[in-house]
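> pasting the sequence and the predicted model now:
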Amino acid sequence: MTYLYDYLVFLAQAATVVAAVLVVLSAMATFSARRRHAPRGALEVIRLNDYLDDLRHGLEQAMLTRGQYRKAARQEAKQARRKAKKEAKQATQSQDAPQAAADSDTGDAQAEEPSKSRVYALTFEGDLDATKVSHLRHEINAVLTKASSGDEVVVRVKSFGGRVHGYGLAASQLQRVRQHGLNLVVAVDQVAASGGYLMAAVANKVIAAPFAVVGSIGVVAEIPNVHRLLKKNDVDVEVITAGRYKRTLTVLGENTDEGRRKFTEELEDLHVLFQEFVNEQRPGVELEKVATGEAWYGRRAIELNLVDEITTSDEYLMRRCAEADVFEVRWVEHKKPLERVLGEIESGVKQLVQWLPGKGGWR
């Protein structure tokens, strides 16, 4: 009886926690409904060329005397005017080209091309459910409205992976960039493993820092089961399904060998899909070596063709600033303090329920 009493107390405590969570979720749903028609955020764009110039000017101002700094600023302004005049002259000459050349496809393309290509830098920080894919969607939508052939999109990915459907959608968003004929570069400064690497594989080029973690082409599912504990305390749980494999493994019910075999079969099939996707995007990768669920640091990953170059995103973008206009594009949601608190609670709840039965994830 003592065990039964302790169990009932535990059950009451658990019910209290569940009720509190439901109240919080209800409040979040109410706030969501109130701002259904309100703007969820705004696009922020920073020209990284100007950002680097500001850093350089700040350093020069500290290092040089006032006279030296003014002289250097005048010289730089003179060079900028000269460059702008040269580009304007080139544009005028291109517009005044012979009509025959202008009517040809090649002539039209040359007339429409900007004097300088553009690079758009995006950032994706993934969690278990890849919730920032909504931000990524807004950013890519914005870029595709303006980008033209010859432009480039650089996406800095940081993720340990997560649920299949979330990262599958994130990878599909990146595929849109390539479908529009733009060059796609994925930069991994810290980690892009499992679902994160699924995204990286889409790119024309993958760069990684020397000790960034990449790979982990595998699938995992973790499901606790408390059936024996419930049975020990004379608690029955009925799991009623329509369909032989509607529920293979459960948390509360009694799991069977047949259910385990079917669940394993589903995971294996998902692993095959993962491998097929990587093979389509990066045919030079030897799947027998890398599709083991292991992850590698950048220096080892380049030997396995998982990445193409060892460098940081900062270094790569600085190089691109020397030859192109580079814009950092971010979708920022503006939330009230209470909404931010509720968002953090919601994120915590999602972390707690990640152990519930599902189809596994790329983690």
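Received, thanks.
> neighbours of the nearest residue to Thr292 once chain neighbours are set aside, just the number please.
Excluding its sequence neighbours, the residue lying closest to Thr292 (C-beta to C-beta, 6 or more residues apart in numbering) is Gly218, at 6.9 Å. For the C-beta atoms, the positions are set from N, CA and C on the backbone; glycine is no exception. Gly218 is flanked by 21 other residues according to other C-beta atoms under 10 Å.
> now swap in Ile223 and tell me
15.
> does it count as helix, strand or coil?
Applying DSSP: H, G, I helix; E, B strand; the rest coil to Ile223 yields a three-state assignment of coil.
> quick check: the residue nearest to Thr292 touching Ala291?
Yes. With contact defined as C-beta atoms under 8 Å, Gly218 counts as touching Ala291 (7.2 Å).
> give the intersection of the neighbour lists for the two.
Common contacts of Gly218 and Ala291 (C-beta atoms under 8 Å, 6 or more residues apart in numbering): 271, 274.
> for Asp129, see how far away Glu258 is.
Going from Glu258 to Asp129 by C-beta to C-beta, to the nearest Å gives 30 Å.
> need the strands for the stretch 251-363 of the chain, in chain order.
With DSSP state E, counting those that start in this stretch as the criterion, the stretch 251-363 of the chain has strands at 295-297, 309-310, 325-332, 361-362.
> and Glu266, which of those is closest to it?
strand 361-362 (12.3 Å; C-beta to C-beta).
> beta partners for the residue most central in space within the chain?
Nearest to the mean C-alpha position of the chain, by C-alpha atoms, centre = their mean, lies Phe124 at 3.4 Å. For Phe124, the beta-bridge partners are Val157 (DSSP bridges).
> any idea how far it lies from Arg40?
Applying C-beta to C-beta, the value for Phe124 to Arg40 is 18 Å.
> read off the pLDDT value for the residue nearest to Thr292.
On the pLDDT scale, Gly218 is placed at 91.
> helix, strand, or coil at it?
coil.
> next one: Asp127
Under three-state DSSP, the three-state class of Asp127 is coil.
> what about it, neighbour count?
Other residues within reach of Asp127, judged by other C-beta under 10 Å, total 15.
> does it touch Lys158 like I think?
No. Judged on C-beta under 8 Å, Asp127 makes no contact with Lys158 at a distance of 10.3 Å.
> that older thread, tell me the confidence at the residue nearest to the centre of the chain?
At Phe124, pLDDT is 96.
> for it, what are its contacts?
The contact partners of Phe124, by C-beta under 8 Å, 6+ apart, come to 132-133, 135-136, 155-159, 170, 199.
> hmm, try it at 7 Å
For Phe124, the contacting residues are 132, 136, 155, 157, 170, by C-beta atoms under 7 Å, 6 or more residues apart in numbering.
> of Glu258 and Asp129, who's got more company?
When Glu258 is set against Asp129 and neighbours are counted by other C-beta under 10 Å, the residue ahead is Asp129, at 17 against 11.
> mean confidence for stretch 173-190?
The average pLDDT for stretch 173-190 rounds to 96.
> hey, C-alpha coordinates of it in PDB?
Output of stretch 173-190 as PDB, limited to C-alpha atoms (Å, rounded to 0.1, in the frame of the first residue of the first chain):
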ATOM      1  CA  GLN A 173      14.600  26.200 -48.600                       C
ATOM      2  CA  LEU A 174      18.300  26.100 -49.500                       C
ATOM      3  CA  GLN A 175      17.500  24.100 -52.600                       C
ATOM      4  CA  ARG A 176      15.400  27.100 -53.800                       C
ATOM      5  CA  VAL A 177      18.500  29.200 -54.000                       C
ATOM      6  CA  ARG A 178      20.200  26.700 -56.400                       C
ATOM      7  CA  GLN A 179      17.000  26.300 -58.400                       C
ATOM      8  CA  HIS A 180      17.100  30.100 -59.100                       C
ATOM      9  CA  GLY A 181      20.600  29.700 -60.500                       C
ATOM     10  CA  LEU A 182      22.500  31.300 -57.600                       C
ATOM     11  CA  ASN A 183      25.700  30.000 -56.200                       C
ATOM     12  CA  LEU A 184      25.100  28.600 -52.700                       C
ATOM     13  CA  VAL A 185      27.900  28.400 -50.100                       C
ATOM     14  CA  VAL A 186      27.300  26.900 -46.600                       C
ATOM     15  CA  ALA A 187      29.800  27.900 -43.900                       C
ATOM     16  CA  VAL A 188      30.200  25.800 -40.800                       C
ATOM     17  CA  ASP A 189      32.100  27.600 -38.000                       C
ATOM     18  CA  GLN A 190      31.200  25.300 -35.100                       C
END
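> give me the residues contacting that stretch.
For stretch 173-190, the external contacting residues (C-beta under 7 Å, 6+ apart) are 133, 136-137, 140, 144, 147, 149, 151-158, 199-200, 202-209, 212, 214, 312-313, 316.
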